[in-house]
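**Student:** Here is the input, now give the coordinates:
(one chain, ligands or ions: 1)
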Amino acid sequence: MTQKIDLKNMTLPALEQFLRGQGKERFRALQVFKWIYQQDAHGFAEMTNISKTLRTELDDTARISNLTAEAIEEGSDGTRKYLFALDDGASVESVLIPIEGRNTLCISSQVGCAMACEFCLTGTFRLTRNLTTAEIVNQIMAVRRDIEKNPPSQFVAAGGDEDGDGDGEAVDSPAAIRNIVLMGMGEPLHNLDNVIPAIQIMIDGNGLQLSNRRVTVSTCGLVPEMKRLGEEIPNVNLAVSLNATTDELRDRIMPVNRRYPLKELMKACREFPLPGRRKVTFEYVMLGGINDTLEDAKRLLKLISDIPNKVNLIPFNEHEGCNFKAPTKAAIDAFHKYLIDRYVTVITRDSRGGDISAACGQLKGKLEKKEA
Ligand code: SAH
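**Tutor:** Numbers count the residues shown, from 1 in each chain. Sure thing, here's the model as predicted:
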């Protein structure tokens with residue numbers, strides 16, 4: 001028997017092409033696409049506005065895959081970690097972060113990671129495989145299903161007034177996912193062939209209907225792929241894990257820097273097509289005693305100053321077998337203040353989900369260490 005084709009690997013244009021190949025009208029693709037993403041159809045039998053003959057034909061050649069969480073853990077701060085077992089026995093994790101009346105979902109793009117950043121747990125397992133487009137969008141759909149049934153308990157309706165116009169901001173439903181960040185396991189730009197269609201499905205008005213300004217791709221700095229991302233999905237948000245301000249240190253803790261040193265990386269950031277007033281997010285993992293001095297802050301500012309920027313400081317999250325240490329509170333505060341005083345938008349990320357190993361750099365699914 002030939003393998004059935006998973007329709008969740010297809011963008012709407014790809015689905016149109018697939019159905020055209022089967023002699024079907026174009027509008028059928030839109031119908032099927034909406035059933036999959038808006039009605040969360042699990043099978044063709046549910047697609048009641050499509051003829052029975054077509055449904056049977058589809059069922060013979062195609063399938064609609066899904067993910068179900070094998071384990072869900074909730075941390076004391078309301079952060080929820082999902083473990084998904086994949087068809088081949090591999091597994092990945094996604095993390096839901098409910099904060100100030102909004103849910104952000106952090107999803108994975110690969111099983112393991114080839115980038116081998118020294119401070120990151122996922123990196124120590126090396127790459128097992130890329131996730132398919134279906135596996136990427138299915139993380140979102142599975143979490144959406146879970147929170148519709150069981151909204152996060154610590155969802156705080158802040159009702160703040162972020163833009164200062166005095167009217168407070170609209171707060172989302174606790175059962176809605178507002179932001180998607182590709183900051184889980186893997187390097188999304190190392191899997192662009194599957195990540196790009198996944199993002200297209202996320203932002204398609206007939207698909208998952210997320211706004212492109214709510215999708216962020218985070219990279220360790222694969223320069224040619226940053227260019228490709230910018231060309232193919234120019235409106236997505238870009239986050240760059242900078243983490244060091246000299247090539248000497250970056251070469252050591254992030255091997256990718258030996259291929260694309262800081263000068264090239266910053267050039268790629270400058271050239272990334274950003275719409276309107278949007279900014280590149282620079283993530284900076286603070287490693288105690290390694291990159292957390294005011295000299296580092298000063299060099300950081302110099303590196304990013306000619307790029308529309310904001311900075312995310314991430315105090316290192318400790319994990320087993322890694323010798324780096326978290327920075328002191330004083331070092332974090334001083335670094336933060338140095339940047340704020342110079343009008344940089346800075347957020348110091350609190351270590352959400354640390355008690356369930358769901359914080360940045362702590363995801364591993366059920367990966368086992370490979371023999372060296
Ligand atoms: N590969 C992508 C996305 C995954 S890593 C990237 O490099 O951006 C997501 C973020 O977690 C990155 O900014 C990374 O530098 C950070 N990170 C990795 N390990 C960490 C750790 N142990 N503590 C804190 N942040 C970590």
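**Student:** which residues touch the longest helix seen in the chain?
**Tutor:** For the chain, the helix with the greatest residue count under DSSP state H is helix 133-149. Contact partners of helix 133-149, identified using Cβ atoms under 8 Å, 6 or more residues apart in numbering, comprise 6, 8-10, 37, 40, 65-69, 72, 80, 82, 84, 86, 92, 94, 96, 103, 105, 107-109, 174-177, 180, 194-195, 197-198, 201-202, 208. To be clear about C-beta, it is placed using only N, CA and C from the backbone, and glycine gets the same treatment.
**Student:** Could you list the contact residues of this structure toward the ligand?
**Tutor:** Within the chain, the positions adjacent to the ligand are 119-120, 183, 187, 218-220, 241, 243, 283, 285, 314, 316-317, 319, 360-361 by Cβ under 6 Å from any ligand atom.
**Student:** in the stretch 251-372 of the chain, what spans have low per-residue confidence?
**Tutor:** 369-372 (pLDDT under 70).
**Student:** And the helices in it?
**Tutor:** Secondary structure of the stretch 251-372 of the chain, counting by DSSP state H, counting those that start in this stretch: helices at 256-259, 262-271, 294-304, 329-341.
**Student:** Residue 235 is nearest to which of those?
**Tutor:** Nearest to residue 235 among these is helix 262-271; the distance by Cβ to Cβ comes to 15.5 Å.
**Student:** Residues contacting that closest one, please?
**Tutor:** Against helix 262-271 from outside (Cβ under 8 Å, 6+ apart): 221, 223, 226-227, 230, 238, 240, 242, 245-247, 250, 257, 260, 280, 303-304, 306-307.
**Student:** before we move on, what about stretch 296-305?
**Tutor:** Stretch 296-305 is contacted by residues 242, 245-246, 262, 266, 269, 280, 282, 284, 311, 334-335, 338-339, 342, 344 when judged by Cβ under 8 Å, 6+ apart.
**Student:** Relative to residue 54, which of these is nearest.
**Tutor:** Nearest member of the contacts of stretch 296-305 to residue 54, counting by Cβ to Cβ, is residue 280, at 45.7 Å.
**Student:** coming back round to it: mind checking the helices of the stretch 251-372 of the chain for the one nearest to residue 53?
**Tutor:** Across these, residue 53 has its closest neighbour in helix 262-271 (50.9 Å, Cβ to Cβ).
**Student:** Identify each buried residue in that closest one, please.
**Tutor:** 262, 265, 266, 268, 269 (16 or more other Cβ atoms under 10 Å).
**Student:** Mind putting the residues you listed into a markdown table with distance to residue 145?
**Tutor:** Compiled in a markdown table, these are given as follows (distance: Cβ to Cβ, whole Å):
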| residue | distance to residue 145 |
| --- | --- |
| 262 | 42 |
| 265 | 38 |
| 266 | 41 |
| 268 | 37 |
| 269 | 36 |
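**Student:** and of the residues you listed, the nearest to the ligand?
**Tutor:** Distance to the ligand across the buried residues of helix 262-271 (Cβ to the nearest ligand atom) is lowest for residue 265, with 12.0 Å.
**Student:** circling back: out of the contacts of helix 133-149, list just those in helices.
**Tutor:** Per DSSP H, these map to helices at 37, 194, 195, 197, 198, 201, 202.
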